[in-house]
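Visitor: Predicted model, plus sequence, below.
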Amino acid sequence: MNEPQKAKLFSLRCFVMDFIRVSGALPGLLWLRPKIRYASKKAKKRIRGGALVISNHTSFVDPGYTMFVFWYRRQYFVCHKAFMETKAGPFFHAAGCLIPIDADNFNIGSFRAITDSLKAGKVVTLFPEGHVNGGEMMEFKSGMVLISMQSKRPIVPVYLKPRKHWCSRLKAVVGEPVDITALCGGMPAFSKIEEITRLLREREAELEELAKKL
Amino acid sequence: MKRNEILDKLKEILLSADAGSSAVIDSVTEDTHLLNDLGLSSVNMLYLMIATEEVFQIRFDDVGVGEFPTVGDVVSYIEGKLS
């Protein structure tokens, strides 16, 4: 069952993460002035329970942007192991915001950590391009399909419009949740996984088109 | 379970996952390299691990997909787990 976590804005159990969210909310709102568009009425419905949010990766602060898009939920971010070697990595990891993965030698333990979080009703965000793109959206990696399929949680696509200036507004488009379990129906063939990956990339491209009108 | 039985079940998994034509899967031996010979990506390998867990009713430890370069390595791991 996709049971939602209690919608507490602040919890002692997630003290550091919530402190970042709550203390950063007002300055962030004033600075970014988020403008969020929804692809449809269905997309406008708030995420309840576990969901895998996927987004294009335009900059290193994208996780912060997605926090403004889904401000009402705590988010856990899938990050490359190399990020843990930076100064910010261990801090955010200690705050419980990160799920590090080794993209070169993908570990089944990391995979379980992601699927378990989703099954526990958490919102996990990942950037399926793998790393920051150079302005043009790249091909998606298919791991997200496997994660969603195993956890039986939907994928919510979101497109973040690249900010041209440090003071420009944050513009984002949220798409309809995609139920991967319904698309797959059991254990699909490799070709089907690739097909769904392409479909999600197309959905993201549609959101990009909508973002141009923002 | 004997090694050849494990290998046969692995071939069935590969066939159902459409990892190659039936002729290619039939020619799979313990020396077959998963990455180079079958062209499996890391996601395909992960899929294989999940399917293997279901079929053999085992649970992989915290291992990376790169730790199984050949089919024989997977067979040995499963054999170890089953014993």
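Guide: The structure has been received and is ready for your questions.
Visitor: So A:Glu206 sits against A:Ala39, correct?
Guide: Yes: using Cβ atoms under 8 Å, A:Glu206 is in contact with A:Ala39, at 7.3 Å. For the C-beta atoms, the positions are set from N, CA and C on the backbone; glycine is no exception.
Visitor: Overlap in contacts, these two.
Guide: A:Gly175 (Cβ atoms under 8 Å, 6 or more residues apart in numbering or on different chains).
Visitor: which of these two has more neighbours?
Guide: A:Ala39 (18 against 14; other Cβ atoms under 10 Å in any protein chain shown).
Visitor: What residues does the more buried one make contact with?
Guide: Counted by Cβ under 8 Å, 6+ apart, A:Ala39 has contacts A:Val173, A:Val174, A:Gly175, A:Glu176, A:Glu206, A:Leu207, A:Leu210.
Visitor: Distance check, it against B:Arg3.
Guide: 52 Å (Cβ to Cβ, to the nearest Å).
Visitor: Grab the nearest non-local neighbour of A:His57.
Guide: A:Phe127 (3.8 Å; Cβ to Cβ, 6 or more residues apart in numbering or on different chains).
Visitor: can the longest helix seen in chain A be found next to chain B?
Guide: Longest helix in chain A by number of residues (criterion: DSSP state H): helix A:190-212. Yes: legend: contact between helix A:190-212 and chain B by Cβ under 8 Å from any Cβ of the partner chain is shown at A:Phe190, A:Ser191, A:Ile193.
Visitor: measure stretch A:135-149 end to end?
Guide: 30 Å (Cα to Cα, to the nearest Å).
Visitor: From the chain's centroid, how far away is that stretch?
Guide: Centroid separation between stretch A:135-149 and its chain, computed with Cα atoms, centre = their mean, to the nearest Å, is 11 Å.
Visitor: Close to chain A: what parts of chain B are there?
Guide: So chain B meets chain A at B:16-19, B:41-47, B:49-51, B:54, B:60-67 (Cβ under 8 Å from any Cβ).
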